[in-house]
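In: everything below, folded, please.
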Amino acid sequence: MKLSAVATSLGNYEIPEKCYQLNREFDKLNFFYASTGSLEKLQKMQMVSNNIGDPMFKYNCSILTGNVEERVRVLVEAG
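Out: Numbers count the residues shown, from 1 in each chain. Presented below is the predicted three-dimensional model:
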């Protein structure tokens with residue numbers, strides 16, 4: 001994690017992305033994409049969230065992508 005922090009502070013955004021992907025830290029990766037404005041990658045994370053099965057992660061993805069239909073679907077599934 002130190003590598004990703006140092007790379008980010010130096011302005012290199014490829015290394016932290018790879019670190020988060022390899023360590024499967026999807027919450028940090030999601031925040032990273034939101035911070036860098038990568039809407040396309042956030043939408044891919046929405047697809048990943050469907051495979052993970054974590055309702056909170058799915059909900060967070062739907063908020064960051066602005067997908068209201070998915071947000072409602074997640075809330076209904078969660079009860």
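In: any residues touching the longest helix along the chain, and which ones?
Out: If you go by DSSP state H, the chain has its longest helix at helix 39-52. Helix 39-52 has contacts (C-beta atoms under 8 Å, 6 or more residues apart in numbering) with 26, 29-30, 33-34, 57-58, 61-62, 64-65, 67, 70. From N, CA and C alone the C-beta is placed, and that goes for glycine too.
In: go on, stretch 10-20?
Out: Contacts of stretch 10-20 with the rest of the structure, by C-beta under 8 Å, 6+ apart, involve 1, 3, 4, 5, 7, 8, 25, 26, 28, 29, 32, 36.
In: repeat that for 6 Å
Out: Outside stretch 10-20, the residues within contact range by C-beta atoms under 6 Å, 6 or more residues apart in numbering are 3, 4, 7, 8, 28, 29.
In: center of this protein, which residue is that?
Out: The geometric centre of the chain, computed from its C-alpha atoms, lies nearest to residue 30 (C-alpha atoms, centre = their mean), at 1.9 Å.
In: secondary structure element for that residue, which one?
Out: When elements are defined using DSSP states H and E, residue 30 is found to belong to helix 26-36.
In: that helix to helix 39-52, inter-axis angle?
Out: 160 degrees (axes from the mean of the first three to the mean of the last three C-alpha atoms, to 10 degrees).
In: so which elements touch helix 26-36?
Out: Contact analysis of helix 26-36 by 3 or more C-beta pairs under 6 Å, 6 or more residues apart in numbering; DSSP states H and E lists helix 39-52 as its packing neighbours.
In: who touches stretch 69-76?
Out: Outside stretch 69-76, the residues within contact range by C-beta under 6 Å, 6+ apart are 55, 58, 59, 62.
In: in helices, which of those fall?
Out: 55, 58, 59, 62.
In: quick one, what contacts the last one?
Out: Each residue near residue 62 by C-beta under 6 Å, 6+ apart is listed here: 70, 71.
In: please report the distance of it from residue 19.
Out: 25 Å (C-beta to C-beta, to the nearest Å).
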